[in-house]
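*Asks:* Fold the following for me, if possible:
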Amino acid sequence: MPLWTQIVVRSVAAVAVLFLMTRLLGKKQLSQLNFFHYIAGITIGNIAGFISLEIENHFMLGVSAILVWTLIPVGMEWLQLKSKRVRKWFDGESTVLIKDGKVLEDNLKKASFTSDELLEELRQKNAFRLADVEFAVLETDGEVSVLLTKENQPITPKSLGLKVPNEQEPQTVIMDGEILDEPLSTAGLSRGWLTTELEKIGVTRENVYLAQVDSYGGLTVDLYDDLLKTPQPSQRELLWATLRKCEADLELFALATKNRKAKKTYESCVRSLKSVVGQVEPYLKR
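*Replies:* Reported below is the predicted structural model:
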């Protein structure tokens, strides 16, 4: 076998072994590297390069070395799950850098953090003033977590005492011009609804690269042609669609309830809304 063929075969095999060992190590190897994972990753990569080019050495010796360097981190992960003491010894502990708005200089020195580095980390968390920070901690992976003071935190519905429904995952209903039935069913919608929505904005399915439906039934469309802008439905069409949806919802409520009084109320509302819809239809559907 020619030399270059041996290198190609060994390299492909090394990549396959490296992929399998990386899968064994798990996603933490890719996202949150501690000191030991960092060393193991570098060493395994070097061994993979070694067994690709050192054709005079037996291939399985390199595979055995990779296996050892893979099993050791896996074993350490298992020990860390079982023992807090082992976890503390390998990963260390988080270090509080700012508490109650006061910088802890002694902890900065222990973490080998300068004032400039602290301010840089705060700026990366959109905290440009030290006075805006209530609490900051250096995590074991080297990231700095920042808690802003109460008056500088973003306003949320909870802070205003409002209760809002949970947001559902958007469903991709068209991909590469093809309708995806499973996400469409998950959203509680049909192909007929999707076709109607595309007709409202004057777009054909074949011209759609991606289309998503949010938890409120809103359709977002991205076209193949980036120069074309997706037309938005007019205000009259939106108002007409909203009125018809309200009418359908009221009819559904009337059918679903077992309370006679509530059923009569819903039916009365349906009649009233139908009367309004009939009056505005000539103006909204022209």
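
*Asks:* For the rest of this, base every contact and every neighbour count on C-alpha atoms.
*Replies:* Will do.

*Asks:* Wait, Thr220 touches Gln212, no?
*Replies:* Yes. In this structure Thr220 lies within contact range of Gln212 using C-alpha atoms under 8 Å: 5.2 Å.

*Asks:* Can you verify Thr156 is assigned to a helix?
*Replies:* No. Read with DSSP: H, G, I helix; E, B strand; the rest coil, Thr156 is coil and lies in no helix.

*Asks:* And it, how close does it get to Lys163?
*Replies:* 10 Å (C-alpha to C-alpha, to the nearest Å).

*Asks:* now swap in Lys110 and tell me
*Replies:* 44 Å.

*Asks:* For Glu178, grab phi and psi.
*Replies:* Phi and psi for Glu178, reported as degrees, to the nearest 10, are phi -110, psi 140.

*Asks:* ok, what's across the strand from it?
*Replies:* Met175 (DSSP bridges).

*Asks:* contacting residues around the nearest residue to Asp214 once chain neighbours are set aside?
*Replies:* Spatially, and ignoring its direct neighbours in sequence, Asp214 is nearest to Pro170 (4.5 Å; C-alpha to C-alpha, 6 or more residues apart in numbering). By C-alpha atoms under 8 Å, 6 or more residues apart in numbering, Pro170 lies in contact with Gln212, Val213, Asp214, Ser215.

*Asks:* count of neighbours near the last one?
*Replies:* Translated: Ser215. 15 (other C-alpha atoms under 10 Å).

*Asks:* Secondary structure class of it, three-state.
*Replies:* Applying three-state DSSP: Ser215 is coil.

*Asks:* how close does it sit to Ala187?
*Replies:* Ser215 is 8 Å from Ala187, by C-alpha to C-alpha.

*Asks:* and Thr220, which of the three is it?
*Replies:* Once three-state DSSP is applied, Thr220 turns out strand.

*Asks:* roughly how far apart are it and Val173?
*Replies:* 10 Å.

*Asks:* Could you check which of those two has the larger neighbour count?
*Replies:* Val173 (26 against 14).

*Asks:* secondary structure element for the more buried one?
*Replies:* strand 171-175 (DSSP states H and E).

*Asks:* so how far is that strand off the chain centroid?
*Replies:* Remark: strand 171-175 is offset 17 Å from the chain centroid, using C-alpha atoms, centre = their mean, to the nearest Å.
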